[in-house]
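In: Everything below, folded, please.
(one chain, ligands or ions: 2)
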Amino acid sequence: MSEITTQRLDPTPIGLARAADLLSRGGLVAFPTETVYGLGADACNDHAVARIYEAKGRPSFNPLIAHVADVEAAKTLTEWTEAAEAVARAFWPGPLTMVLKKREGSGLSKLLSAGQDTVAVRVPEHPVAQGLLRAFGGPVAAPSANRSGQISPTSAEHVLNGMTGRVEAVVDGGRCQVGLESTIIGLAGRPTLLRPGQIGIDALSETLGTPVFERKDTEAITAPGQLTSHYAPHARVRLNAIEWHPGELRLGFGDVACDLNLSPTEDMTEAAANLFEFLHRLDARQAEVIAVSPIPHVGLGIAINDRLTRAAAPR
Ligand code: TXA
Ligand code: MG
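Out: Residues are numbered from 1 along each chain as shown. Ligands and ions are numbered 1, 2, ... in the order given. Next up, the predicted model:
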């Protein structure tokens, strides 16, 4: 990954306009929320979302949260429900994320929700996050702005320590108050606490007028993206294909003849950006087998191979 000059921006109208402009051009901008600093990208831009994983050095595609300025914007991305309405009234804006069914035509990148048909949405309260979301005018994908395996950042210094040279800008909004990531409630099925946070399960149960289930598996709490039922194609997936068999649909990488090519120039960011979209497209053609070229196991290739290995797992 080539070195980028990382700007530190003040949370003034000029700084926020600059940050929004960087986002609209596919840039990465870290910004404060009341929980932790987020590493933001345009949630509708596959390439920008792929860059988040690259900058974090994440070895897998955990689905990301779409941040929006208000409830109205959240409704354009999701299948809104009465439960969602009740939770939004009680806790938004604030440190609470809801997982809902994704709305048809939401425009969100498939990489954002790692190919699933659900999406995590949050309306943060922090005035700088609000200012940026309004200046940008669209959903912003943002995981915590730390390198994978490191501690979530609660100040601009923390972000700069890990992310200098990897993001275009950090909006400096001082220290985060909560310091702990948002509570996540799953509302696509029965109400389930997917990640504990400042807003507790009792308050959520009371708001919904029904008990919220707790995920017992502790691993699911540290890394729900690892365990949730990820998108798997209907077709069988054959990996490391160096030749093609008759009748297979061919998902290529590099200089090969194929049906769809993740990246003819072997650009890992491009390949990651195309991955879920292309798996969906090939699957829609109802092949029995999707054969995939070998992907080098370096950088984002590790996350791509993680995902492909799961897609290829026997089921
Ligand atoms: O406080 C926060 O939530 C911070 C700030 C920046 O908003 N963001 C944050 O993002 O903690 P991240 O990427 O570190 O954690 C998001 C969590 C992941 O564990 C992911 O698995 C889960 O949300 N998640 C996202 N989309 C999901 C979905 N569709 N279904 C289930 N879990 C989902
Ligand atoms: Mg995190």
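In: When you work out contacts or count neighbours from here on, use the C-alpha atoms and nothing else.
Out: OK.
In: For Leu23, see how far away Leu108 is.
Out: Here the criterion is CA to CA, to the nearest Å. By it, Leu108 lies 15 Å from Leu23.
In: Need the pLDDT of the residue nearest to the spatial centre of the chain.
Out: The centre of the chain sits closest to Leu64, judged by CA atoms, centre = their mean, with a distance of 2.2 Å. At Leu64, the predicted lDDT confidence score is 97.
In: tell me the secondary structure for Leu193?
Out: strand (DSSP: H, G, I helix; E, B strand; the rest coil).
In: for it, what are its contacts?
Out: Listed by CA atoms under 8 Å, 6 or more residues apart in numbering, the contact set of Leu193 reads Thr183, Ile184, Ile185, Gly186, Ile201, Val212, Phe213, Glu214, Arg215.
In: Pull out the buried residues from the helix or strand containing Leu132.
Out: Secondary structure from DSSP states H and E places Leu132 in helix 127-136. Across helix 127-136, burial judged by 16 or more other CA atoms under 10 Å covers Val128, Ala129, Gln130, Gly131, Leu132, Leu133, Arg134, Ala135, Phe136.
In: next structured bit after that helix?
Out: Next along from helix 127-136, by DSSP H and E: strand 140-141.
In: ok, is that next one in contact with ligand 1 or not?
Out: No - judged by CA under 6 Å from any ligand atom, strand 140-141 stays clear of ligand 1, getting no closer than 8.6 Å.
In: Parallel or antiparallel, which strands does that strand pair with?
Out: With DSSP bridges as the test, strand 140-141 is paired with strand 37-42 (antiparallel), strand 65-67 (antiparallel).
In: Quick check: the gap between the nearest residue to the residue nearest to the centre of the chain once chain neighbours are set aside and Leu208.
Out: In space, and not counting its chain neighbours, Leu64 is closest to Leu112: 5.4 Å by CA to CA, 6 or more residues apart in numbering. According to CA to CA, Leu112 stands 27 Å off from Leu208.
In: neighbour count winner among the two?
Out: Leu112 (28 against 18; other CA atoms under 10 Å).
In: which element is that one on?
Out: Applying DSSP H and E, one finds Leu112 in no helix or strand.
In: same thing with the one 3 residues further on?
Out: Gly115 belongs to no helix or strand when assigned by DSSP H and E.
In: Could you check the pLDDT of it?
Out: Looking at Gly115, the pLDDT reads 85.
In: quick one: it and Phe276 touch, right?
Out: Yes - using CA atoms under 8 Å, Gly115 is in contact with Phe276, at 5.6 Å.
In: Quick check on those two: which one has the bigger neighbour count.
Out: Phe276 (26 against 21).
In: so that one makes contact with Leu111?
Out: Yes - using CA under 8 Å, Phe276 is in contact with Leu111, at 6.2 Å.
In: And the buried ones among the contacts of Leu193, selectable in PyMOL?
Out: Here is the PyMOL selection string for the buried members of those, based on 16+ other CA under 10 Å:
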select buried, resi 183+184+185+186+201+212
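In: can you tell me which of the contacts of Leu193 are in helices?
Out: Here DSSP state H is the test, and the contacts of Leu193 give Ile201 as lying in helices.
In: near ligand 1, which residues of the stretch 1-150 of the chain?
Out: So the stretch 1-150 of the chain meets ligand 1 at 35-38, 62-65, 99, 113, 118-120, 142-144 (CA under 6 Å from any ligand atom).
In: Mind jotting down where the helices sit in the chain?
Out: Using DSSP H, helices in the chain cover 13-24, 46-56, 71-77, 82-91, 127-136, 156-163, 201-208, 218-222, 224-227, 268-284, 300-312.
In: right, so of those helices, which gets closest to Val237?
Out: With CA to CA, the closest approach to Val237 among the helices of the chain belongs to helix 300-312: 4.6 Å.
In: Leu133 against Pro139, yeah?
Out: Yes - judged on CA under 8 Å, Leu133 makes contact with Pro139 at a distance of 7.3 Å.
In: So for the two, which residues contact both of them?
Out: Both Leu133 and Pro139 are contacted by His67, Val68, under the criterion CA under 8 Å, 6+ apart.
In: what does stretch 37-49 contact?
Out: 23-24, 26-32, 52, 66, 107-112, 138-146, 152-156, 159, 176, 269-270, 272-274.
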